[in-house]
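In: Task: produce atomic coordinates for the following.
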Amino acid sequence: MSAGHASMRLIDDYARGDTELPADAVWALEAHLEACATCRSRLAESVATEAPGIAALVDTVRAGLEPQLDAAVRAPSRRYRPRWMSAWTTPAMGPWLAMTLVVTLMALLLDAARPSAVFGGASPMLLIAPVLPLCGVAASWSRGLDPAHELTASTARAGLPLLLRRTTSALVVVLPALLVGGWLTGSMTAAQWLLPSLAFTSTALALGSVVGVTRAAAGLAAAWVVAVVAPAWATGRVPHALQLALQPDRLPAWGLLLALGTGAVIARRNAYSTL
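Out: Numbering: from 1, shown residues only. Have a look, this model is predicted:
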């Protein structure tokens, strides 16, 4: 890069499909091309001279599609969506985050009703708080939940950076709701659930590099439900697993899990672009 633009040598190598180009240089160039019309024009000129076969293929495809595009019915205009929202969220995340907030509200109402006979005196908010952010994480990078997944995955900013943006947007919605719920009920403190929820999130992202983010988040949430929520509902007693997991002296263990999950995400950062 020089003077805010890519060098012609880099553009020519990219147009030819040079396999010797480093992956970070390709990523930087593609990210730059998204915002630089000048370099996109230079790339178009380079393709015409350096890769005439590709230029001929594009012209052939365009010639075949133009009559169909001219005859196609124009789709109705969609409601304006700010550009920053596309960078941080996906349309599929809206219903999931709304559902998460509804679950939080239901737990808040149950907590206010003091359903000691149902959950053995355990706070419903505390039962779900550690894994509630996983609902947003599951929807943040999912092939089945994002209708534009293939298009998004092919962009230069796909992979871990986009996944972290979407995960952050989910946490920004869910964590304040839990903080307010805990403050209103007085049944739990942030120290009890905040670190465990962040540890679950980092673990889901780490496991997601192997099995997929949605599967990892759903698996961790299901494990928590089986080990903690279901026994509390079935027996009417505070489950021993909850007492052990959320004791103040267990916070260092949750911190270690958070650190290990974060380290695994960093170590496997290149795997997320191929999920």
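In: Now do the SS call for the residue located most distally from the centre of the chain.
Out: Going by Cα atoms, centre = their mean, the residue of the chain most distant from its centre is Thr49, 39.8 Å out. Of the three states, Thr49 takes helix under DSSP: H, G, I helix; E, B strand; the rest coil.
In: now do Thr19
Out: Relying on three-state DSSP, one would call Thr19 coil.
In: Can you give me the neighbour number for it?
Out: Thr19 has 6 neighbours, counted by other Cβ atoms under 10 Å. Just so you know, the C-beta spots here come from the backbone N, C-alpha and C atoms, and that holds for glycine as well.
In: Skipping adjacent residues, who's closest to Arg16 in space?
Out: Residue nearest to Arg16 in three dimensions, not counting chain neighbours: Glu50, with 5.0 Å by Cβ to Cβ, 6 or more residues apart in numbering.
In: which residues does the one you found contact?
Out: With contact taken as Cβ atoms under 8 Å, 6 or more residues apart in numbering, Glu50 is in contact with Asp12, Ala15, Arg16.
In: Out of those residues, which is nearest to Ala31?
Out: Of all those, the one with the least separation from Ala31 (Cβ to Cβ) is Ala15, at 16.9 Å.
In: Please name the nearest non-neighbouring residue to the closest one.
Out: Nearest non-adjacent residue to Ala15, counting by Cβ to Cβ, 6+ apart: Ser46, 4.1 Å away.
In: do the same with Leu207
Out: Distances taken as Cβ to Cβ, 6+ apart place Ala216 nearest to Leu207, at 3.7 Å, with adjacent residues excluded.
In: Model confidence score at the residue farthest from the centre of the chain, please.
Out: Note for Thr49: predicted pLDDT of 83.
In: how near is it to Ile11?
Out: According to Cβ to Cβ, to the nearest Å, Thr49 stands 11 Å off from Ile11.
In: Can you tell me which helix or strand of this structure has the lowest average pLDDT?
Out: helix 116-119 (a mean of 52; mean pLDDT, DSSP states H and E).
In: Cys206: what's it in contact with?
Out: Quick fix: residue 206 reads Ala, not Cys. With Cβ under 8 Å, 6+ apart, Ala206 has these contacts: Ala216, Leu260, Gly261, Thr262, Ala264, Val265, Arg268.
In: ok, 10 Å please
Out: Val213, Ala216, Leu257, Leu260, Gly261, Thr262, Gly263, Ala264, Val265, Ile266, Ala267, Arg268 (Cβ atoms under 10 Å, 6 or more residues apart in numbering).
In: Please spell out the segments of the stretch 1-150 of the chain that come in under the pLDDT threshold.
Out: 1-3, 72-97, 99-100, 103, 106-122, 141-149 (pLDDT under 70).
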